[in-house]
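Peer 1: Have a look; sequence and predicted model below, questions after that.
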Amino acid sequence: METPIKVDFEFNRNEDTNKLEVAKMRRKLKAIYLGGGQIRIDKLHKKGKMTARERIDVLIDDNSEFLEIGAFAGEGMYEEYGGCPAAGVVGGIGYVNGRQCMIVANDATVKAGAWFPITGKKNLRFQEIAMENRLPTIYLVDSAGVFLPLQDEIFPDKEHFGRIFRNNAKMSAMGIPQIAAIMGSCVAGGAYLPIMSDEALIVEGTGSIFLAGPYLVKAAIGETVDKETLGGATTQSEISGVTDYKVPDDKTCLETIRDLVDKFGSNDKAGFSRTEAVEPKLEMKEIYGILPAERSKPYNTKDLLNRLVDNSEFTEYKAGYGKTIICAYARIDGWSVGIVVNNRQVVKNAKGEVQFGGVIYSDSADKAARFIMNCNQKKIPLVFMHDVTGFMVGTRSEHGGIIKDGAKMVAAVSNSTVPKFSIVMGNSYGAGNYAMCGKAYDPRLIVAWPSAKIAVMGGSQAAKVLLQIQTASQKAKGEAISPEEEKQILDKITAKYDAQTTPYYAASRLWVDAIIDPLETRKVISMGIEAANNVPVEKFNPGIIQT
């Protein structure tokens with residue numbers, strides 16, 4: 001059902017606010033795309049090398065999409081070391097000779113491509129996506145190895161540097177092709193990554209690979225040797241046989257990789273339904289005016305859906321029941337999807353009771369759990385769209401079994417075997433984040449709009465709770481807090497929480513894979529389902545869910 005939009009002052013205010021947020025995001029991305037800065041980029045070019053992003057541009061098909069993962073990783077972190085833009089590694093899903101691949105490229109302009117703790121986490125996310133979707137993986141290696149001042153945060157633990165090589169072996173066993181190109185330094189433990197790949201290329205003059213560089217060799221055994229003799233292209237391709245292809249320059253290296261990918265066989269498909277894509281009937285750009293500038297304000301969520309789904313058409317499941325969650329079947333870029341989205345309107349249930357928008361009640365949790373099971377039964381990918389403040393609290397809800405109903409929804413999300421995709425449009429607070437398939441629940445991709453807020457609760461809520469606890473504690477000691485002290489404490493806690501709820505804070509720590517313009521939502525979902533279609537779906541087992 002189409003919903004006409006009345007353009008008024010509120011619409012224009014929302015539109016201005018959301019467009020400004022998108023512009024802010026793009027300004028930040030423009031700075032991130034420079035990596036370590038123009039001076040370092042110029043130095044690379046003088047050596048005859050391309051930057052990480054230039055290499056990816058040459059590698060992928062002309063005029064094709066590239067879905068970058070983790071561009072904001074490391075944002076605002078490691079300032080004492082000069083920062084770490086994009087975590088020092090660029091990567092995502094791109095098309096190489098028409099084939100979706102995971103592409104990972106070290107950014108040598110950022111500390112010579114050294115691995116910070118967030119770099120390791122980001123690389124593991126790349127491999128996780130590749131394994132979940134059986135994506136061939138291409139590594140463009142140009143790295144000085146572990147960033148030594150932080151070695152204790154990147155080297156020894158389960159989710160640290162060594163896990164990457166373990167994943168190389170696991171991916172090989174799963175039949176996922178891996179190609180590595182040594183296009184710069186490849187030192188110490190990092191040398192295992194290309195050699196544990198199926199095939200390795202090395203660029204003459206700039207590529208080198210060895211377990212210990214010339215300085216360490218001199219210190220360890222007293223031998224004096226230059227880098228090229230120790231582990232250059234000729235040594236490793238003609239003497240040791242460690243690498244498989246010696247190429248003269250970056251361009252030839254990337255062309256050779258394209259040629260190798262062109263010969264890959266195809267995967268079995270999951271068989272997700274896809275028809276010819278149709279643009280929404282209603283203007284997508286109106287999303288900017290629909291989404292409120294103030295996150296607490298209600299709005300008609302169906303107005304957003306009508307601007308995201310094909311032909312602005314969807315079939316709503318249990319429309320009159322559990323109204324604070326909308327469940328609907330639709331198509332996005334031709335792909336069949338099941339959408340679970342928080343309804344931000346204030347509604348009345350069948351008993352005439354008022355239910356607040358963005359809150360999950362028992363009936364809406366029950367409906368969503370059943371819908372998720374239906375999508376698994378019919379092999380339909382799930383799309384979760386977050387604007388949720390959490391589950392309903394209070395005596396009536398507790399007596400009504402909100403915990404049990406919420407557990408059913410969380411269990412349905414946890415046990416779902418069809419691919420899940422999460423779009424954080426607005427609020428994503430507390431257990432609502434979990435029930436709506438937050439990062440902990442294995443979405444194939446999770447992205448945020450610039451309007452997103454992710455936390456255990458909102459800043460003002462958290463501040464009031466913590467203030468009450470602190471006030472009660474001091475009263476128990478016979479101490480009193482003046483109104484001025486209360487305000488000071490409240491403002492300090494609110495500021496801290498507000499800073500930690502931004503999408504940039506989340507993206508810097510890879511709680512979300514990307515921050516996107518809302519108008520890119522269809523593309524992200526479509527490319528994600530295309531990737532997921534490479535893997536047959538396992539049979540759904542509802543586990544503890546009671547129907």
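Peer 2: Cool, the structure landed. Just so you know, these numbers come straight off a predicted model, no measurement behind them.

Peer 1: Could the C-alpha coordinates of stretch 333-342 be exported in CSV?
Peer 2: Extracted C-alpha coordinates of stretch 333-342, given in CSV (Å, rounded to 0.1, in the frame of the first residue of the first chain):
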residue,chain,number,x,y,z
ASP,A,333,16.5,-5.6,-6.3
GLY,A,334,14.5,-8.6,-7.4
TRP,A,335,15.5,-10.8,-4.4
SER,A,336,12.8,-12.3,-2.2
VAL,A,337,13.2,-11.1,1.4
GLY,A,338,11.4,-11.3,4.7
ILE,A,339,11.6,-7.9,6.5
VAL,A,340,11.4,-7.5,10.3
VAL,A,341,11.3,-3.8,11.1
ASN,A,342,10.4,-1.9,14.3
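
Peer 1: in it, what counts as buried?
Peer 2: Using 16 or more other Cβ atoms under 10 Å as the test for burial, stretch 333-342 gives 333, 335-342. Heads up, the C-betas are built off the backbone N, CA and C, glycines and all.

Peer 1: likewise stretch 452-460?
Peer 2: Applying 16+ other Cβ under 10 Å to stretch 452-460 flags 452-455, 457-459 as buried.

Peer 1: So which of the residues you listed sit within strands?
Peer 2: If you go by DSSP state E, those have 453-455 in strands.

Peer 1: and of these, the nearest to Leu67?
Peer 2: Ile454 (20.6 Å; Cβ to Cβ).

Peer 1: Now do the same contact list for the closest one.
Peer 2: When contacts are counted by Cβ atoms under 8 Å, 6 or more residues apart in numbering, Ile454 touches 424, 428-429, 433, 438, 448, 501, 503, 505-506, 511-512.

Peer 1: same check, this time on Asn106
Peer 2: Applying Cβ under 8 Å, 6+ apart, we find Asn106 in contact with 52, 88-89, 113, 140-143, 184.

Peer 1: which of those tops the neighbour count?
Peer 2: The most crowded member of these, judged by other Cβ atoms under 10 Å, is Gly88 (31 neighbours).

Peer 1: how far away is it from Gly76?
Peer 2: Plainly put, Gly88 is 15 Å away from Gly76 if you go by Cβ to Cβ, to the nearest Å.

Peer 1: I'd like the next helix or strand past the top helix by length along the chain.
Peer 2: For the chain, the helix with the greatest residue count under DSSP state H is helix 9-32. Per DSSP states H and E, the first helix or strand lying C-terminal to helix 9-32 is helix 38-46.

Peer 1: Contacts for that following helix next, please.
Peer 2: Outside helix 38-46, the residues within contact range by Cβ under 8 Å, 6+ apart are 34-35, 50-51, 108-109.

Peer 1: starting at the chain centroid, how far to that helix?
Peer 2: The chain centroid and the centroid of helix 38-46 are separated by 29 Å under Cα atoms, centre = their mean, to the nearest Å.

Peer 1: May I see the buried residues of it?
Peer 2: For helix 38-46, burial by neighbour count (16+ other Cβ under 10 Å) applies to 40-41, 44.

Peer 1: Tell me which other helices or strands the helix or strand that comes right after that helix touches.
Peer 2: Downstream of helix 38-46, the next assigned helix or strand under DSSP H and E is helix 52-59. Counting contacts by 3 or more Cβ pairs under 8 Å, 6 or more residues apart in numbering; DSSP states H and E, helix 52-59 is packed against strand 89-96, strand 99-106, strand 137-143, helix 250-261.

Peer 1: Using a markdown table, lay out these together with mean pLDDT and distance to Glu21.
Peer 2: Converted to a markdown table, these look like this (pLDDT from 0 to 100; distance: least, Cβ to Cβ, whole Å):
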| stretch | mean pLDDT | distance to Glu21 |
| --- | --- | --- |
| strand 89-96 | 98 | 22 |
| strand 99-106 | 98 | 28 |
| strand 137-143 | 96 | 32 |
| helix 250-261 | 98 | 35 |
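
Peer 1: and Ala293, which of the ones you listed is closest to it?
Peer 2: Closest approach to Ala293 among the helices and strands packed on helix 52-59 is made by strand 89-96 (30.4 Å; Cβ to Cβ).

Peer 1: In its sheet, which strands sit next to that closest one, and in what direction?
Peer 2: strand 66-68 (antiparallel), strand 99-106 (antiparallel) (DSSP bridges).

Peer 1: so which of the ones you listed gets nearest Thr324?
Peer 2: Ranking those by distance to Thr324, with Cβ to Cβ as the measure, places strand 66-68 first at 31.4 Å.

Peer 1: got the contact list for that closest one?
Peer 2: 56, 60, 90-95, 103, 514, 523-524, 527-528.

Peer 1: please redo it, this time with the cut-off set to 6 Å
Peer 2: The contact list for strand 66-68, computed with Cβ atoms under 6 Å, 6 or more residues apart in numbering, reads 60, 92-94, 527.

Peer 1: neighbour-wise, which of those residues leads?
Peer 2: The member of the contacts of strand 66-68 surrounded by the most neighbours (other Cβ under 10 Å) is Ile93, with 25 neighbours in all.

Peer 1: Could you find the closest non-adjacent residue to it?
Peer 2: Spatial nearest neighbour of Ile93, excluding adjacent residues (Cβ to Cβ, 6 or more residues apart in numbering): Leu67 at 4.5 Å.

Peer 1: before we move on, back to that, I'd like the buried residues of helix 38-46 as JSON lines, with distance to Pro542 appended.
Peer 2: Shown next, in JSON lines, are the buried residues of helix 38-46 (distance: Cβ to Cβ, whole Å):
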{"residue": "Arg40", "distance to Pro542": "53"}
{"residue": "Ile41", "distance to Pro542": "53"}
{"residue": "Leu44", "distance to Pro542": "53"}
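
Peer 1: and of those, the nearest to Arg370?
Peer 2: Of all the buried residues of helix 38-46, Ile41 has the smallest distance to Arg370: 53.7 Å, by Cβ to Cβ.

Peer 1: show me where the stretch 151-300 of the chain has helices.
Peer 2: Ranges of helices within the stretch 151-300 of the chain are 162-173, 192-195, 214-221, 227-231, 233-234, 250-261, 287-290, based on DSSP state H, counting those that start in this stretch.

Peer 1: what's the most buried one of the ones you listed?
Peer 2: helix 287-290 (a mean of 22; mean count of other Cβ atoms under 10 Å).
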